[in-house]
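> Structure for the following, please:
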Amino acid sequence: MSETANMSVYKKLQLARVLLQNTKLTKSGRNKFAGYDYFELGDFVPAIQSICEDVGLCGAISYTDQIATLTIYNTELGDKLEFTCPMSRAELKGCHEVQNLGAVLTYLRRYLWTTAFELVEHDALDATTGSVEVKPKPKVEAKVEAKEEAKIKGKEGDWQMIANEPPEGDPKDWLSVVGKTAEIALGLATSQEDVMNIFKKNKTLFESVKRVDPEFFAAVLRFDHFVQIRSAGDLARLSRRTGVKIAALEDLVAALRKEFEQGRAQGMVGLKSALAYARPIYYPLPAVAEARQAFERIRAQPAPPPEEAARPLQNYMMHEVCRLAAQYRLPFQIHTGLQTGFGRREITDSRPTHLVSLIRAYPDVPFVLFHGGYPYGHELGTIAKNFPNAYIDMCWLHIIAPEAARASLAEWLDAVPANKIMAFGGDYTYAEGAYAHAELARENVARVLAGKVAAGDLSEDEALELARKILRTNAIQLFHLPLP
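Purely as a prediction, here's the structure:
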């Protein structure tokens with residue numbers, strides 16, 4: 001029998017308090033607004049749990065609409081002791097409802113544990129929310145002022161999230177706050193529609209996460225806004241965006257280079273273009289004089305000129321983008337084939353063969369042609385076979401038409417070097433969609449390779465090696481990703 005077997009819950013709790021006081025704890029939290037350090041849950045909960053295990057106690061927290069309760073159970077005699085705190089609300093300016101809920105629950109958990117174990121602690125929310133007093137009353141106004149331009153805001157309405165801009169330097173704490181907030185929101189979602197709305201309404205915020213989180217994301221940036229120029233307003237927006245006064249064609253090129261270099265500084269590993277939604281993807285190289293004439297016409301007229309009149313400038317700028325990609329040997333992803341929506345462009349405007357002149361002109365640029373070129377898979381396979389710098393990416397294709405994806409992959413594995421095929425790309429802005437797409441892609445790849453093994457074209461080992469290449473290592477090598 002243990003020494004604590006016959007102790008009451010009161011005696012055990014007092015013993016646990018003494019043991020905790022003799023444990024060296026470090027306050028890792030820092031309230032920058034009020035200037036003090038504080039215990040985060042991770043600073044003391046592991047120590048408390050270990051001590052409770054040793055003395056025969058167990059703590060459990062529960063919530064009602066009115067009260068938060070920490071119940072300390074005596075695991076040997078069955079008696080218990082309760083600590084309670086009235087439920088509160090924090091309405092932090094610039095925070096979504098679920099962020100406020102998460103902040104309150106974190107605070108109440110910390111408050112209950114520190115009360116039960118007599119830990120000395122400041123009575124404030126943690127540093128991620130600012131200096132906010134929480135009192136046991138239905139509503140609390142938080143007096144936290146912030147400049148509007150320093151915020152990233154989701155769309156107005158339910159599930160809107162609002163966060164500070166990512167900090168310069170190490171964004172780990174910022175990413176943690178955004179991640180925990182998203183977890184709370186998803187935990188409160190009750191339908192697929194809720195999940196979709198969380199990501200749709202806060203797309204700007206999640207795009208910022210991609211930009212600053214190198215552990216899970218590598219930046220592939222678009223420069224279409226430097227290509228698809230139609231009006232003087234477009235030039236003015238680019239000038240404000242880059243800080244470059246754009247009064248001549250050379251200024252526009254300088255603004256492009258400035259933003260490109262900023263992308264490289266952020267760790268950009270590639271480029272992407274989705275201009276198939278806006279124009280034909282055929283980009284003949286115009287004379288500089290033609291491009292300059294188109295620039296001057298656009299700059300001088302308040303209304304956009306006819307689409308064809310802007311083409312020389314647009315084509316010239318696409319070649320400027322390709323020159324930068326070639327200078328740094330960065331892969332260039334380009335949308336080909338089917339477009340989402342209803343008849344936004346003629347499907348023939350996005351045939352992969354329109355890109356042959358670009359592919360030929362810039363042999364140092366690996367051109368990654370998206371979506372399997374559907375429905376022009378034969379053309380895409382021919383291009384990838386004939387040009388060393390042309391690659392196939394099957395992103396979206398497994399969802400568009402699974403049968404076509406399998407047929408195309410079977411053909412490409414016969415005709416195209418296997419290191420030039422990427423059999424999966426998520427093509428989603430949220431994890432659930434990418435995961436489901438990955439399941440479809442794996443099934444399709446498995447069925448195609450199993451068919452080739454059954455036909456005697458491949459051994460099982462060869463099929464497994466091909467699967468690793470087209471589902472993983474080809475992309476790692478092409479984009480120079482820091483992965484094994």
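> List the buried residues for the helix or strand hosting residue 383?
Here residue 383, judged by DSSP states H and E, is contained in helix 377-386. Taking 16 or more other Cβ atoms under 10 Å as the neighbour-count basis, helix 377-386 is seen to contain the buried residues 377, 379, 380, 381, 382, 383, 384. Any C-beta I mention is one placed from the backbone N, CA and C, and that applies to glycine too.
> quick one: pLDDT of residue 133?
With respect to pLDDT, residue 133 has a value of 31.
> hmm, I was thinking of residue 211
With respect to pLDDT, residue 211 scores 77.
> Could you do the one 3 residues further on as well?
Reading off the confidence values, residue 214 has pLDDT 80.
> residue contacts, it?
For residue 214, the contacting residues are residue 267, by Cβ atoms under 8 Å, 6 or more residues apart in numbering.
> Would you map the strands across the stretch 1-150 of the chain?
Here the stretch 1-150 of the chain has its strands, by DSSP state E, counting those that start in this stretch, at 29-31, 36-38, 57-63, 67-74, 80-86.
> scratch that, the stretch 351-484 of the chain
Chain-ordered strands for the stretch 351-484 of the chain, with DSSP E, counting those that start in this stretch as the definition, fall at 367-369, 390-393, 421-422.
> how about the first one: buried residues?
Residues of strand 367-369 classed as buried: 367, 368, 369 (neighbour count, 16+ other Cβ under 10 Å).
> same check, this time on stretch 47-60
Applying a neighbour-count criterion of 16+ other Cβ under 10 Å, one finds 48, 51, 52, 55, 56, 57, 59 buried in stretch 47-60.
> Which helix or which strand is home to the spatially most central residue of the chain?
Residue closest to the average C-alpha location in the chain (Cα atoms, centre = their mean): residue 210, at 3.7 Å. Element membership for residue 210, per DSSP H and E: helix 203-212.
> List of residues touching that helix?
Under Cβ under 8 Å, 6+ apart, the answer for helix 203-212 is 152-154, 161, 163, 165-166, 171, 174-175, 178-179, 182, 199, 217, 219, 266, 429-430.
> among those, which ones are buried?
152-154, 161, 163, 166, 171, 174-175, 178, 182, 199, 219, 430.
> Pipe those into JSON lines and attach pLDDT and distance to residue 85 per row.
Supplementary listing: the buried ones among the contacts of helix 203-212 in JSON lines, determined by pLDDT from 0 to 100; distance: Cβ to Cβ, whole Å:
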{"residue": "152", "pLDDT": "82", "distance to residue 85": "33"}
{"residue": "153", "pLDDT": "80", "distance to residue 85": "32"}
{"residue": "154", "pLDDT": "79", "distance to residue 85": "31"}
{"residue": "161", "pLDDT": "84", "distance to residue 85": "27"}
{"residue": "163", "pLDDT": "82", "distance to residue 85": "28"}
{"residue": "166", "pLDDT": "80", "distance to residue 85": "34"}
{"residue": "171", "pLDDT": "81", "distance to residue 85": "33"}
{"residue": "174", "pLDDT": "83", "distance to residue 85": "29"}
{"residue": "175", "pLDDT": "85", "distance to residue 85": "30"}
{"residue": "178", "pLDDT": "83", "distance to residue 85": "27"}
{"residue": "182", "pLDDT": "82", "distance to residue 85": "27"}
{"residue": "199", "pLDDT": "83", "distance to residue 85": "34"}
{"residue": "219", "pLDDT": "89", "distance to residue 85": "44"}
{"residue": "430", "pLDDT": "72", "distance to residue 85": "36"}
